[in-house]
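Novice: Pasted the sequence and its predicted model underneath.
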Amino acid sequence: MRVVISEWSMPCPACPSVIQLTSIREPVRCGSCATPVAIASDAVAPLLTFCAGGAGTERTFRDKTAHGVTCIVAAGGRACLACTTGSLAAEVAGGRLTCNSCGFVVVLARPPGSATSRHALLGTFTIGIVSSVTASTPVTALVCPHCGGGLSAPGAGGVCVCAFCSMTSLVTAPIAGHLPAPRIHLVFAA
């Protein structure tokens with residue numbers, strides 16, 4: 001099993017905003033104008049090929065644009081997101097990854113239609129990146145980057161799971177001048 005970390009984005013067709021995608025399969029709404037946007041099927045195949053190939057084996061991020069969709073990709077690890085000491089192991093039949101140390105479970109979304117056999121893509125999972133509270137910037141609530149629902153206090157390792165859409169988010173310190181982007185983890189067979 002090989003995990004590849006990716007960030008996918010595309011311009012909104014109705015306004016000048018750039019949309020950070022949380023799925024390569026399901027449409028998302030633009031945060032500015034609420035227009036539903038989905039990745040064109042002809043953009044998915046070349047970007048998955050890019051991710052499955054050499055770009056997905058390197059530790060440094062590389063990017064590619066196809067049909068207006070930009071994908072930034074690098075090799076990921078199998079370390080558990082919750083405890084960081086365990087390792088995620090695939091249960092292919094069950095469609096999930098489970099930590100061998102703390103039991104943390106990540107449910108895999110089914111890959112896009114033709115991607116399964118062509119790219120040996122087992123599934124995907126998205127980790128939302130949520131900026132945490134700082135002393136100078138008090139935050140009243142943490143919000144899910146996928147559905148906008150309220151998130152409860154993060155557990156071990158800064159991980160919290162949305163009660164509404166089940167998206168796993170990682171609460172981190174904010175990075176100056178950078179909007180947090182969801183990371184779509186692609187799980188390949190090898």
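Specialist: Cool, got the structure. Numbering: from 1, shown residues only.
Novice: Give the other helices and strands that the lengthiest helix in the chain contacts.
Specialist: Criterion DSSP state H: the longest helix present in the chain is helix 41-52. Contacts defined by 3 or more Cβ pairs under 8 Å, 6 or more residues apart in numbering; DSSP states H and E place helix 41-52 against strand 2-11, strand 62-66, strand 69-75, helix 115-119, strand 183-188. Yep, even glycine has a C-beta here, placed from its N, CA and C like the rest.
Novice: Kindly recompute the last result at 6 Å.
Specialist: strand 62-66, strand 69-75, helix 115-119 (3 or more Cβ pairs under 6 Å, 6 or more residues apart in numbering; DSSP states H and E).
Novice: Which of those comes out lowest on mean pLDDT?
Specialist: Looking over the helices and strands packed on helix 41-52, mean pLDDT reaches its minimum on helix 115-119, with a mean of 49.
Novice: follow-up on the earlier one: tilt between the longest helix of the chain and strand 2-11?
Specialist: Angle, helix 41-52 to strand 2-11, by axes from the mean of the first three to the mean of the last three Cα atoms, to 10 degrees: 140 degrees.
Novice: tell me the angle of helix 41-52 relative to strand 183-188?
Specialist: Using the same axes, to 10 degrees: helix 41-52 against strand 183-188 is 70 degrees.
Novice: just the angle between helix 41-52 and strand 69-75, please?
Specialist: Using the same axes, to 10 degrees, the inter-axis angle of helix 41-52 relative to strand 69-75 is 20 degrees.
Novice: Going by neighbour count, list what's buried in helix 41-52.
Specialist: Buried positions in helix 41-52, judged by neighbour count with 16 or more other Cβ atoms under 10 Å: A43, V44, L47, L48, T49, F50, C51, A52.
Novice: can you put the helices and strands packed on helix 41-52 in TSV and add distance to C99?
Specialist: Converted to TSV, the helices and strands packed on helix 41-52 look like this (distance: least, Cβ to Cβ, whole Å):
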stretch	distance to C99
strand 62-66	28
strand 69-75	19
helix 115-119	25
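Novice: what about the protein, any weak spots by pLDDT?
Specialist: 54-56, 92-93, 110-119, 128-141, 153-157, 172-180, 190 (pLDDT under 70).
Novice: Report the secondary structure state of F125.
Specialist: strand (DSSP: H, G, I helix; E, B strand; the rest coil).
Novice: Give the bridge partners for it, please.
Specialist: H185 (DSSP bridges).
Novice: just V69 next, same as before
Specialist: Going by DSSP bridges, V69 is paired in beta bridges with A66.
Novice: can I assume it is in contact with V44?
Specialist: No: taking contacts as Cβ atoms under 6 Å, V69 lies outside contact range of V44: 8.1 Å.
Novice: my guess is L97 contacts L88, does it?
Specialist: Yes: using Cβ under 6 Å, L97 is in contact with L88, at 4.1 Å.
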